[in-house]
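J.: Kindly generate the corresponding structure for this input.
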Amino acid sequence: QVQVVEYGGGLVQAGGSLRLSCAASGPTFDTYAMGWFRRTPGKDREFVAAISGSGSSTSYAGPVKGRFTISRDNAKNIIYLQMNTLKPEDTAVYYCASKLPHNINTYYTSGYEYDHWGQGTQVTVSS
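T.: Here you go, the predicted model:
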């Protein structure tokens, strides 16, 4: 059973930056496709960013493209989400998810593709 844990959320002013981290267990972490999603009250879960197991391929949702960067350190079993120029509309609970893919160069943007989820970390951006 893969365990996924996010950390690094908090309160930040608009225009500021925050980095989220996500640790996943398992000896084959470098084969896991990983993704970040977020949810705000009353709204469906929203895709934020995804990265392939090898780290060679990434994808971003339109609202965060150019401001957020997903990366991974396979030696440490960790992925990161660097969030810059934060806006109040980025306020949400952010979730990390993992999936063992067929191809280590594949990423997934649908939450239904992922097998394991973290408990979420709150990000609040004040105006």
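
J.: The spatially most central residue of the chain - nearest residue in space that isn't next to it in sequence?
T.: Closest to where the C-alpha atoms of the chain average out (CA atoms, centre = their mean) is Trp36, at 2.3 Å. Spatial nearest neighbour of Trp36, chain neighbours left out: Val48 (4.2 Å); criterion: CB to CB, 6 or more residues apart in numbering. For the C-beta atoms, the positions are set from N, CA and C on the backbone; glycine is no exception.

J.: wait, that neighbour sits on Arg39?
T.: No: using CB atoms under 8 Å, Val48 is not in contact with Arg39, being 10.3 Å away.

J.: for the residue nearest to the centre of the chain, what are its contacts?
T.: Trp36 is in contact with 20, 22, 48-50, 70, 79, 81, 94-97, counting by CB atoms under 8 Å, 6 or more residues apart in numbering.

J.: switch to 7 Å and redo it
T.: Applying CB atoms under 7 Å, 6 or more residues apart in numbering to Trp36 gives the contacts 48-49, 70, 81, 94, 96.

J.: Likewise for Ala97?
T.: Neighbours of Ala97 in contact, by CB under 7 Å, 6+ apart: 4, 34-35, 37, 111, 114, 116-117.

J.: Equivalent analysis for Ser52, please.
T.: Taking CB under 7 Å, 6+ apart as the test, what Ser52 contacts is 33, 104-107.

J.: Thanks a lot, see you next time.
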